[in-house]
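Enquirer: Sequence and computational prediction follow.
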Amino acid sequence: MRSPLPRRLGLTVVLAFLLAVFGLVPSASADPAPTTLTFATDSATTTPGGTVKLSMTLTNNKTYDVWFVYQTIDPTWLTTQRPDLKYSFTGCSLATASGSTPCSGTGPSNLGANYGATIPPGQSRTVTLTLQVAADSGCNGNIGFYSYYYAEFSDSSNTNGGPVYTPETRVLCA
């Protein structure tokens, strides 16, 4: 007597093949996030009294405009554990087609208005914060931040993300 197992196995293979050929199997590729937030610094190190430019780029990966953005930026836990590190945000600028323009809301507050929303589909906005390290700051410590954001689109949908971490800046003694 023959076992029915090979016939069942063969039928399963044929069915799986047909589903794959006609596109009925879910795709393995995922859609990109509706928005992405990335950070960069102009220097990995600085000294007491120095400055570092921290750039934040928000990219709209959706097919609708970004109408509204709310973002926070806060020091990482390790940064807060070094009370001898002294720093502040002293400037903010938005990159535009005609050059940079000042923005407001520096520090751990609502940074959303700084992106100059609306952001059309496929485009990005970059905001640069100036991080000033105090002249009497401690040395041999890292300053880093993390951010959460919320964005609303013209199709009435929204997205949020985070935490997104900045590169750390090492404060060196000269």
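Expert: Noted; the coordinates are in hand.

Enquirer: Return the residues in contact with the most centrally placed residue in the chain.
Expert: Compute the mean C-alpha point of the chain, and by CA atoms, centre = their mean the closest residue is Leu37, 2.2 Å away. Applying CB atoms under 8 Å, 6 or more residues apart in numbering to Leu37 gives the contacts Met56, Thr57, Leu58, Thr59, Gln71, Ser147, Tyr149, Gly161, Gly162, Val164. C-beta coordinates here come from the backbone N, C-alpha and C atoms, glycine included.

Enquirer: From the residues you listed, list just the buried residues.
Expert: Met56, Thr57, Leu58, Thr59, Gln71, Ser147, Tyr149, Gly161, Val164 (16 or more other CB atoms under 10 Å).

Enquirer: Listing partners with orientation, what would you give for the host helix or strand of the second one?
Expert: I take that to be Thr57. Element membership for Thr57 (DSSP states H and E) is strand 51-60. Strand 51-60 sits in its sheet next to strand 35-41 (antiparallel), strand 124-133 (antiparallel), going by DSSP bridges.

Enquirer: For those, state which one has the densest average packing.
Expert: strand 124-133 (a mean of 20; mean count of other CB atoms under 10 Å).
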